[in-house]
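Trainee: sharing a model prediction with you, sequence too.
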Amino acid sequence: MDNPHLQRLAILKPFAGRLAFGLFFMVLTVSAQLAYPKVLSSFIDNIAAGKSGDWYSTLAVIMLCVLVVHAIATALRYYLLESTGHMIVTRIRRLLFAALINQGVPFYDKHNVGELTNRLSSDVEILHGTLTMGAAISLRSFCVLAGGGVMMLYTSPALSLILAVFMPVGIYLGKRAGKSYRVRAKEVQDGLADCGKVAYEHFSNIRLVHAFNQQRVAKKRYADATGNALSVLVSSTRLIAVFRGMISFLTYLALLVTLWWGARLISDEQLTIGELAAFLLYAVMVTESANAISDFWTSWMRTIGATERIFEIIQAGTHGEWNASQVAKLTGSVEFSRLVFAYPERPDTPALKGISFSIVAGEKVALVGASGAGKSTVANMILGFYAPDEGRILFDGVDARYLDVQDIRESIAIVEQEPSLFSGSIFENIAFAVSERDVGLAEVRNAARLANAHEFISRFKDGYETIVGERGVQLSGGQKQRIAIARALLRDPRILILDEATSALDSASEQQVQEALKLLMRGRTTIIIAHRYSTITNADRVLVMNHGRLVQEGRHADLINDREGLYFSLMHNQLRQHGSVV
Ligand SMILES: Nc1ncnc2c1ncn2[C@@H]1O[C@H](COP(=O)(O)OP(=O)(O)OP(=O)(O)O)[C@@H](O)[C@H]1O
């Protein structure tokens, strides 16, 4: 379905019933509205002809009935169409969020989070305006246009010809303006998304911005971003202004010609005064409706332009993850076989250049190497964030391509260097590990106890309900790490990926974290991106990486004896400089 109008209309499918009812009441209100000029015409002509009797009471009673129908139908129409508009927009918001959250990690390498959240709010908001009030008004206008057109033809075919001449000119102008507007609307939304990006980046790095006194630069960057959006906004406003002026001129010119021609028909006795009055009322209704439709057309064009990205994202589906075919219950062995991988954003510089190793279930392996050697990339590949360009990853001897990536992740837990926390409570942050099932406080408390976190959590006034602040800002580094360990313990993974923190905690806190980690690693395959001497020496095996290659592997005690090897110089240099290994 390439047509953008149809693509967007397909979203309305589940609401067809409600929309049909709304439309029915709309037709009813329009029919009632169209009855007024007819009755007015009868009043005028009866008065002009000096008709006797109580005809006006009969007409008034008929009109009263029409009024009641009109009022009820108006209320029902408004409710049905407006509420359906809200439902449609909510559905689009959910579809967009689902499409975004399902995107693989490569998508987020390319897109900025600020830009995406902006799409969720501002782009969808535009759709909201158009789909609720805009669509309701223009649907009503369509009905009035059609019904009014019929009544005009019925009242005076000769006068109707005049509008038949003016209408196509208006439609042509509307189409031309709509097209240019659509292009500009896309530029505006892209500009606004840029603003969102700049704002998000600065707010999320607020400490850095203040520490480096970069507020002025931040304001300048935001002013530039908003300036771009503003100039496109002003140019599209200019376009609409010209278009509105032309349409208004055309409308009143058409009415003037109708009046002039009508007066001639009355003097030739081909039309009554009442009929001319009714015709003019219909003509006003029809032209107003035509204007409303052209306004809607402009806003629909704006919506299509603005929401192009939303629908691209919704329709793009999920990328960057492997295909599912076998259900995995992993025991924990992992093997890399001649694996080559380059990040999609840097296709010419592979981060892994033909890596092979195998880790048996329950083994503890330390990955060491200089910064940029590819240690985190190995972790990213195990987690299935990216698919290999060449070679294979095997879990329990099965090629990962034949396993469901979600099944694989089911068996993995990760403890990051800077643990990510959500802004909710401590309980929610720990229970996040198994959000697919209900977790009780006892289970979370048990995990926290094993992670040496229970004690400090209990000291907080709100205990497990303590709010941790955005990304856990209200907790210390060691506390965050122990919460992350409790989270991993609750998941009870077969494979554990541990990105060891480079910055040392104070010795008491460090000891508690190390104890918790020891417990977490027990009986699980553990891949540690290692920085600490003790971690490396305690590992069953060390894999030494250099520029995307595996250059040495073995036990610490054996590797350290190879004085020519990279491992020796890494350990030697770092121990001498920092007492820790990078
Ligand atoms: N998302 C990404 N997109 C493009 N290139 C990336 C991305 N992430 C990492 N790289 C590049 O891949 C190479 C390996 O990076 P990786 O993060 O795996 O190194 P590392 O050994 O974990 O380093 P460190 O110890 O500093 O964390 C580096 O050259 C890095 O610049």
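Mentor: Perfect, thanks for sending it.
Trainee: which parts of the stretch 351-500 of the chain are strands?
Mentor: Secondary structure of the stretch 351-500 of the chain by DSSP state E, counting those that start in this stretch: the strands cover 352-359, 364-369, 390-395, 398-399, 412-415, 495-499.
Trainee: so which residues make contact with the fifth one?
Mentor: Right, the one you point to is strand 412-415. 379, 382-383, 433, 481, 484-485, 487-488, 491, 493-499, 517, 520 (C-beta atoms under 8 Å, 6 or more residues apart in numbering). C-betas here are computed from N, CA, C, even on glycine.
Trainee: the ligand is nearest to which of the strands of the stretch 351-500 of the chain?
Mentor: Nearest to the ligand, of all the strands of the stretch 351-500 of the chain, is strand 364-369, at 5.5 Å by C-beta to the nearest ligand atom.
Trainee: which residues does the closest one contact?
Mentor: Contacts for strand 364-369 (C-beta under 8 Å, 6+ apart): 359, 375, 378, 521, 525-530, 535-536, 538-546, 566-567, 570, 581.
Trainee: buried subset of these as a ChimeraX selection?
Mentor: In ChimeraX, a selection of the buried entries from the contacts of strand 364-369 looks like this (16 or more other C-beta atoms under 10 Å):
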select :359,375,378,521,525,526,527,528,529,530,535,536,538,539,541,542,543,544,545,546,566,567,570,581
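Trainee: list the ones among the contacts of strand 364-369 that fall in strands.
Mentor: 359, 525-529, 541-546 (DSSP state E).
Trainee: and those residues, which two are furthest apart?
Mentor: The distance between the two most remote of the ones in strands among the contacts of strand 364-369 (C-beta to C-beta) is 23.7 Å, for Thr525 and Asn546.
Trainee: low-confidence stretches in this structure?
Mentor: 1-9, 133, 316-328, 436, 470-473, 502-509, 574-582 (pLDDT under 70).
Trainee: for it, which helix is longest?
Mentor: Taking DSSP state H as the criterion, the chain has its longest helix at helix 215-267.
Trainee: what helices and strands are in contact with that helix?
Mentor: helix 157-204, helix 273-316 (3 or more C-beta pairs under 8 Å, 6 or more residues apart in numbering; DSSP states H and E).
Trainee: relative to helix 215-267, how tilted is the longest one?
Mentor: Same thing as helix 157-204. 170 degrees (axes from the mean of the first three to the mean of the last three C-alpha atoms, to 10 degrees).
Trainee: for the following helix or strand past helix 157-204, C-alpha coordinates in PDB please.
Mentor: Using DSSP states H and E, the helix or strand that follows helix 157-204 in sequence is helix 206-211. Presented in PDB, the C-alpha positions along helix 206-211 are these (Å, rounded to 0.1, in the frame of the first residue of the first chain):
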ATOM      1  CA  ILE A 206      23.000  18.400  32.700                       C
ATOM      2  CA  ARG A 207      25.800  17.900  35.200                       C
ATOM      3  CA  LEU A 208      28.400  18.000  32.400                       C
ATOM      4  CA  VAL A 209      26.800  21.100  30.800                       C
ATOM      5  CA  HIS A 210      26.900  23.000  34.200                       C
ATOM      6  CA  ALA A 211      30.400  21.700  35.100                       C
END
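Trainee: contacts made by helix 206-211 with the rest, please.
Mentor: Residues outside helix 206-211 that contact it (C-beta under 8 Å, 6+ apart): 202, 214-215, 218.
Trainee: buried residues in it?
Mentor: Quick answer for helix 206-211 (16+ other C-beta under 10 Å): Val209.
Trainee: for the residue of the stretch 151-300 of the chain found nearest the ligand, which non-adjacent residue is spatially closest?
Mentor: For the stretch 151-300 of the chain, the residue closest to the ligand is Glu201, as judged by C-beta to the nearest ligand atom, at 16.6 Å. In space, and not counting its chain neighbours, Glu201 is closest to Gly114: 6.1 Å by C-beta to C-beta, 6 or more residues apart in numbering.
Trainee: keep only the contacts of strand 364-369 that also lie close to the ligand.
Mentor: Among these, the residues that sit close to the ligand (C-beta under 6 Å from any ligand atom) are Lys375.
Trainee: the ligand contacts on the stretch 351-500 of the chain?
Mentor: Near the ligand, the residues belonging to the stretch 351-500 of the chain are 351, 369, 371-377 when assessed by C-beta under 6 Å from any ligand atom.
Trainee: most surrounded residue in these?
Mentor: Highest neighbour count within these, by other C-beta atoms under 10 Å: Gly369, with 25 neighbours.
Trainee: bridging residues for that residue?
Mentor: Following DSSP bridges, Gly369 is listed with bridge partners Met545.
Trainee: please report how far it lies from Phe336.
Mentor: Gly369 sits 15 Å away from Phe336, going by C-beta to C-beta, to the nearest Å.
Trainee: swap in Arg93?
Mentor: Arg93 is 40 Å from Phe336, by C-beta to C-beta.
Trainee: do the same with Ile293
Mentor: 62 Å.
Trainee: next, format the strands of the stretch 351-500 of the chain as a markdown table and append distance to Ala135.
Mentor: Shown next, in a markdown table, are the strands of the stretch 351-500 of the chain (distance: least, C-beta to C-beta, whole Å):
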| stretch | distance to Ala135 |
| --- | --- |
| strand 352-359 | 52 |
| strand 364-369 | 56 |
| strand 390-395 | 50 |
| strand 398-399 | 50 |
| strand 412-415 | 46 |
| strand 495-499 | 49 |
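Trainee: wait, which of those strands is closest to Ser52?
Mentor: Per C-beta to C-beta, nearest to Ser52 of the strands of the stretch 351-500 of the chain: strand 412-415, 93.5 Å.
Trainee: show me what that closest one pairs with in its sheet, parallel or antiparallel.
Mentor: Strand pairing for strand 412-415, using DSSP bridges, gives strand 495-499 (parallel).
Trainee: now the partner strand, how far from the centre of its chain.
Mentor: 30 Å (C-alpha atoms, centre = their mean, to the nearest Å).
Trainee: likewise for stretch 73-82?
Mentor: With C-alpha atoms, centre = their mean, you get 30 Å for stretch 73-82.
Trainee: for it, which residues meet the burial criterion?
Mentor: 73-74, 76-77, 80-81.
Trainee: got those residues as CSV, with distance to the ligand columns?
Mentor: Output for the buried residues of stretch 73-82, formatted as CSV (distance: C-beta to the nearest ligand atom, whole Å):
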residue, distance to the ligand
Ala73, 58
Thr74, 56
Leu76, 54
Arg77, 52
Leu80, 48
Leu81, 46
